[in-house]
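K.L.:
Fold the following.
(one chain, ligands or ions: 2)
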Amino acid sequence: MKPEKYVYLFEEADGENKKLYGGKGAGLAEMTHMGLAVPPGFVVTTEACLQYYQNKKRLPKGLMEEVQSSLKKVEEKTGKLFGSPQNPLFLSVRSGAAISMPGMMDTILNLGLNSNTIEGLIRITSDGRFAYDSYRRFIQLFGKIALGMDEKEFDQILARIKEKSGVTEDIDLDADCLKDLSGQYLALVKKRTGSPFPEDPMAQLSLAIEAVFRSWMGKRAIDYRKEFKITPEVADGTAVNICTMVFGNMGFDSATGVAFTRDPGTGENVLYGEYLVNAQGEDVVAGIRTPKSIQEMKKEMPRTYRELERVRKTLEAHFHEVQDFEFTVEKGKLYILQTRNGKMNAHAIVKTSKDMVDERLITQQQAVLRLKPQDLEQLLHKQIDPNFKGKPACVGLAASPGAASGKAVFDADEAERLGKLGQKVILVREETKPEDIHGFFASQGVLTSRGGKTSHAAVVARGMGKPCVSGCEDLHIDPKAREAMIKNIRINEGDLITVDGSRGDVYLGEAPTVDPEISQHLLTLLSWADKIRTLGVRANADTPEGAVKARQLGAEGIGLCRTERMFNAVDRLPIVREMILAGSKEARGEAIAKLLPLQKADLKKIFREMEGLPVTVRLLDPPLHEFLPSAEELASEVRNLKEVDAAFSTMENISNAMKFLDPSFRESLKPLEHMVGDIIEIREKKLDKKLIRRQQETLRKVKEMREVNPMLGHRGVRLGITYPEIYKMQIQAVLEAAAELLKEGVQVQPEIMVPQVCTAQELKWVHQLVQRVQKEVEKQYGIKIEFKFGTMIEVVRACMRAGRLAEVADFFSFGTNDLTQATFSFSREDAENKFLPLYNERKILQDNPFEVLDVKGVGRLMMIAIEWGRKTKPDLKVGICGEHGGHPESVEFCHTIGLSYVSCSVPRIPIARLAAAHAKLKEKDKKVLEGYDPDTSFSVLPY
Ligand code: PEP
Ligand code: MG
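P.N.:
Ligands and ions are numbered 1, 2, ... in the order given. Below is the predicted model of the structure:
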């Protein structure tokens, strides 16, 4: 259905409706309502853009008439006329979708300039230089964006004229040169397009609107939306903002700049930004001239600085959010050209959240929602090791924090190529442009020789959480020669460098890095998250050190302690092998008896660290052959030993021969005689033969244990049932450790968990074993031990039999690594290296299901298991301990389907805490369930 209207004056538009007016349009409308000095203008809606695409890329009927009538009102307000040579009105035409996509779509400035209006501009401003500078910029921008010309040709003409005039900076070109340049540009347009440059301002305007619409489907905009998962539900089409031009290049009482209401790098509550006197906005954004810090404006333009301070306060008080705004000062008058929520790194989000709550600008809940769990990951980024004494080769601006090393590459395509090969690269450019976006994705960090902290490179890297050093002026890059010079040091493409975006340092080679500390502000924010969330957060940890760290990071217990990790320690492995290779039950019993005290001691340490919190100990899971060397290794060792043995028998012959040597010769061969003596001793004791036999025996055992599908083989509870003495020892270790600590007065909450269960009979079998051991231990220690008994749910059949399993189990824990493997029949060991990337690329699968929980398949099984399990046992505790337990979207799903807790790797605990709070706050819309097949019945939903 055709909407009533496509075009709205800023004062008519609803500043809350970003979907219709785009973020920029809504911001301009809102600022106009607030009485801020926004140049008059209007917005063409995103609906018009969608209509344009539906209309086979033709502007919707009536659109230009609406534009014309809005333009009339703007003319009335400004007292200027569009296309008039006497008093001309010029326009900026900017894109703006519901979600900010910085630099991804097109913008045209100075629209309305032609061979007539330029005369008007010269007359009004008495500044021919300024007028022709605006003209040449307009022709170039319009040529590139609206007429699809190659920008390089314009740059070549500019370079020639600069050379001819003997200047290096654009600003040094005089009016005549710029006039000449404009003339050459117009000729180039005619040559390349076959038609003269459009003179009619209305024709210019309609071509510009179309160009902005087209840029919505441009490659870099599509890539950006794909990368940041911007779906049509979030942003569909771009609006076009048409605004009166104000000029920051009208002399030294004019300026242009960008500012943040707080420092987006540190979060500090100060006006932050950059500006250039006598310049246009694009000079700042594109990093063509290195701008000054806004603090310098205090001295240079004190009145404007004070006004900006007022604007800063007004914006924050209204939007309750840090704003990133653009401004222009035209002959001393300040205009605000746009505002949007400021993109900040996670560190700054944390600091500003805490501060804004203290300042009563936002609530604790809003503060928690400001920090996206995925952004928190940035705080877990590496920093340069503070003990590192290396000297930076050069220093630029600290544009985006974190540190990264990689091979220097000088263009985005090469970065992408090497990135795809799995290599770490740093993208090194003079300045970056939006078309470099694929290079950013592929790089570990970015380094530029030009541009400020708000240049394209800085903004994009910050948004991606990648380190960036910008404006590194000592760096001279020659992209053609694929090299850069820092003073007299040459960096060739492929040389390793390190960028420290927190300090602005650049090092040659790879500098050592360390993990960052968690700040007090973050701890406060996380404590607010804890007050909100209802989902528990535990850790997957199997060492006392892991337990300590988990507790520090706020884990409320251990949800998975993999006991096999304890078997793999250097001092344990020989005993474990002894146990596996034992020829009889007795021999196995002896080895197991040696393991018991070790396992008990490990568990005691972990229980002690987690005093007062539950610790889920999983009984042995992996197939036993994982503790033995591979058949290939063993076969080669046997071969080598046999060769040594053959060499030894030759030595025996030498020894016989030596007996007949002349004594004086024998004396000189004395050292050899000693060695031969040792060898004879080895052979007499048959040590070499024994060694060979032992390795042959191990090889035989490995071959005997070989399985075609070990992950579906003799592991988990199957192993426990065939070798009950192993599980018995482990159960004993858990219960004895608990008993000893209880006697010391340490509060322990052990939980015994059985892996790979698929039938209730298996679980019952282990349960009986547990009960027997419990009786023995309680009798031995004279103490009652409280503990829980439960099962992992990681086999499809276990989900189907959840009702029966819950008869025996006090808790379930979803092992979604195996459950995903079992549900898809994808090998978790191989799929990610084989076909999964292609599946993702071809959109056969949206995500990697081993990383992002497959809510439609695996999630569905989980919901069934929860419902059936709780039908049997309403208070059944249910958790998850697969890798998905630390993935934000998966955590939200876990909350929605009623899990009691998630258990994740230790570093991800803060992410899970935050994600759980977000899930609770977003609970009402139950968005996560939208992905379900609508044909399916929802009877299994827990609500
Ligand atoms: C799982 O399968 O999800 C799990 C946690 O167990 P593991 O990764 O040890 O097989
Ligand atoms: Mg598993």
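K.L.:
Contact residues of this protein facing ligand 1?
P.N.:
Residues of the chain that fall close to ligand 1, judged by CB under 6 Å from any ligand atom: 560, 562, 621, 794, 815-818, 881-882. The C-beta positions use only the backbone N, C-alpha and C, and glycine is treated the same way.
K.L.:
neighbour-wise, which of the residues you listed leads?
P.N.:
Highest neighbour count within the residues of the chain next to ligand 1, by other CB atoms under 10 Å: T816, with 30 neighbours.
K.L.:
Need the phi and psi values for the closest residue to it other than its chain neighbours.
P.N.:
Distance criterion CB to CB, 6 or more residues apart in numbering; nearest residue to T816, sequence neighbours excluded, is G882 at 3.0 Å. With angles defined as degrees, to the nearest 10, G882 sits at phi -70, psi 170.
K.L.:
Tell me who's in contact with G882.
P.N.:
G882 makes contacts with 794, 814-820, as judged by CB atoms under 8 Å, 6 or more residues apart in numbering.
K.L.:
Lowest-confidence entry in these?
P.N.:
Of all the contacts of G882, N817 has the smallest pLDDT value, namely 91.
K.L.:
Just want to check the distance between that one and M792.
P.N.:
10 Å (CB to CB, to the nearest Å).
K.L.:
Then R715?
P.N.:
12 Å.
K.L.:
One more: R718?
P.N.:
13 Å.
K.L.:
Compare those two (neighbour count), which wins?
P.N.:
M792 (30 against 16).
K.L.:
Are we agreed that that one is in a helix?
P.N.:
No - under DSSP: H, G, I helix; E, B strand; the rest coil, M792 falls outside any helix and is assigned strand.
K.L.:
The nearest residue to D810 once chain neighbours are set aside - how many residues pack around it?
P.N.:
Nearest-residue entry for D810: K788, 4.2 Å, with adjacent residues in sequence omitted and distances by CB to CB, 6+ apart. K788: 15 surrounding residues under other CB under 10 Å.
K.L.:
One more: H918?
P.N.:
The number of residues near H918, taken as other CB under 10 Å, comes to 22.
K.L.:
ok, then the element right after the helix or strand of the chain with the lowest mean pLDDT?
P.N.:
One helix or strand of the chain scores below all others by mean pLDDT, DSSP states H and E: helix 281-285, with a mean of 64. Going down the chain from helix 281-285, the next helix or strand is strand 292-293, by DSSP states H and E.
K.L.:
any idea which element the residue in the stretch 201-350 of the chain that ligand 1 sits nearest to lies in?
P.N.:
Ranked by CB to the nearest ligand atom, the top residue of the stretch 201-350 of the chain for proximity to ligand 1 is K229, at 25.0 Å. K229 belongs to no helix or strand when assigned by DSSP H and E.
K.L.:
How about the contacts made by it?
P.N.:
Contacts of K229 (CB under 8 Å, 6+ apart): none.
K.L.:
what's the distance between it and A915?
P.N.:
Distance from K229 to A915, by CB to CB: 16 Å.
K.L.:
which residue packs closest to C472, ignoring adjacent ones?
P.N.:
G396 is the one closest to C472 (CB to CB, 6+ apart), at 2.9 Å.
K.L.:
give the contact list for that neighbour.
P.N.:
G396 neighbours (CB under 8 Å, 6+ apart): 447-449, 469-473, 475, 504, 506.
K.L.:
Helices along the stretch 801-943 of the chain, start to end?
P.N.:
Applying DSSP state H, counting those that start in this stretch to the stretch 801-943 of the chain gives helices spanning 802-808, 816-824, 836-841, 858-872, 888-896, 909-921.
K.L.:
Ok, which of the ones you listed comes nearest ligand 2?
P.N.:
Closest of those to ligand 2 is helix 816-824, at 3.6 Å (criterion: CB to the ion).
K.L.:
quick one: that closest one to helix 888-896, angle?
P.N.:
Inter-element angle recorded for helix 816-824 and helix 888-896: 90 degrees (by axes from the mean of the first three to the mean of the last three CA atoms, to 10 degrees).
K.L.:
and helix 816-824, what does it pack onto?
P.N.:
On a contact count with 3 or more CB pairs under 8 Å, 6 or more residues apart in numbering; DSSP states H and E, helix 816-824 meets helix 796-800, helix 858-872.
K.L.:
Can you check what angle separates that helix from helix 858-872?
P.N.:
On the basis of the same axes, to 10 degrees, helix 816-824 is oriented at 110 degrees to helix 858-872.
K.L.:
Could you confirm whether any residue of helix 816-824 contacts ligand 2?
P.N.:
Yes - counting by CB under 5 Å from the ion, ligand 2 has neighbours in helix 816-824: D818.
K.L.:
Quick check: closest non-adjacent residue to S84.
P.N.:
Closest residue to S84 apart from its sequence neighbours, by CB to CB, 6+ apart: G120 at 6.3 Å.
K.L.:
how many neighbours does D223 have?
P.N.:
Residues near D223, counting by other CB under 10 Å: 16.
K.L.:
Figure out the helix or strand that it lives in.
P.N.:
Assigned by DSSP H and E, D223 belongs to helix 219-227.
K.L.:
now the helix or strand following that helix: mean pLDDT?
P.N.:
Downstream of helix 219-227, the first helix or strand assigned by DSSP H and E is strand 238-244. On average, the pLDDT along strand 238-244 is 96.
K.L.:
got it, and stretch 439-451?
P.N.:
91.
K.L.:
Tell me the secondary structure of the residue of the stretch 501-650 of the chain at minimum distance from ligand 2, please.
P.N.:
As assessed by CB to the ion, ligand 2 sits closest to D621 within the stretch 501-650 of the chain, at 6.2 Å. Going by three-state DSSP, the secondary structure assigned to D621 is coil.
K.L.:
With adjacent residues omitted, what lies nearest to it?
P.N.:
Closest to D621 by CB to CB, 6+ apart is P755, at 4.1 Å.
K.L.:
can you pull the contacts of that neighbour?
P.N.:
618-621, 715-717, 792, 794, 815.
K.L.:
Just give me the closest of those residues to ligand 1.
P.N.:
Nearest member of those to ligand 1, counting by CB to the nearest ligand atom, is G815, at 2.9 Å.
K.L.:
name the element D263 belongs to?
P.N.:
Under DSSP H and E, no helix or strand contains D263.
K.L.:
What confidence value was assigned to it?
P.N.:
pLDDT at D263 comes out at 95.
K.L.:
Roughly how far does it sit from A348?
P.N.:
Counting by CB to CB, the gap from D263 to A348 is 7 Å.
K.L.:
Of those two, which one has the most company?
P.N.:
A348 (23 against 20).
K.L.:
Wait, a helix at that one?
P.N.:
Yes - per three-state DSSP, A348 lies within a helix segment.
K.L.:
Which residues are in contact with it?
P.N.:
Listed by CB under 8 Å, 6+ apart, the contact partners of A348 are 262-267.
K.L.:
Next, work out how far apart V350 and ligand 2 are.
P.N.:
Applying CB to the ion, to the nearest Å, the value for V350 to ligand 2 is 34 Å.
K.L.:
Hmm, L522 and that residue touching each other?
P.N.:
Yes - counting by CB atoms under 8 Å, L522 is a contact partner of V350 at 4.9 Å.
K.L.:
Now list whatever residues contact both of these two.
P.N.:
Common neighbours of V350 and L522 (CB under 8 Å, 6+ apart) are L379.
K.L.:
neighbour-wise, which of those two wins?
P.N.:
Set V350 next to L522 and count neighbours by other CB under 10 Å: V350 wins out with 28 against 22.
K.L.:
Under the pLDDT cut-off, which ranges of the stretch 301-450 of the chain? List them.
P.N.:
Judged by pLDDT under 70, the stretch 301-450 of the chain has its weakly predicted residues at 381, 434-435.
K.L.:
Now with 80, please.
P.N.:
Within the stretch 301-450 of the chain, the ranges that satisfy pLDDT under 80 run 377-378, 380-382, 386, 401, 433-435.
K.L.:
Show the contacting residues for P85.
P.N.:
P85 is in contact with 116-117, 119-120, counting by CB under 8 Å, 6+ apart.
K.L.:
these two touch, right, D385 and Y507?
P.N.:
No - D385 lies out of contact with Y507 (CB under 8 Å); the separation is 11.5 Å.
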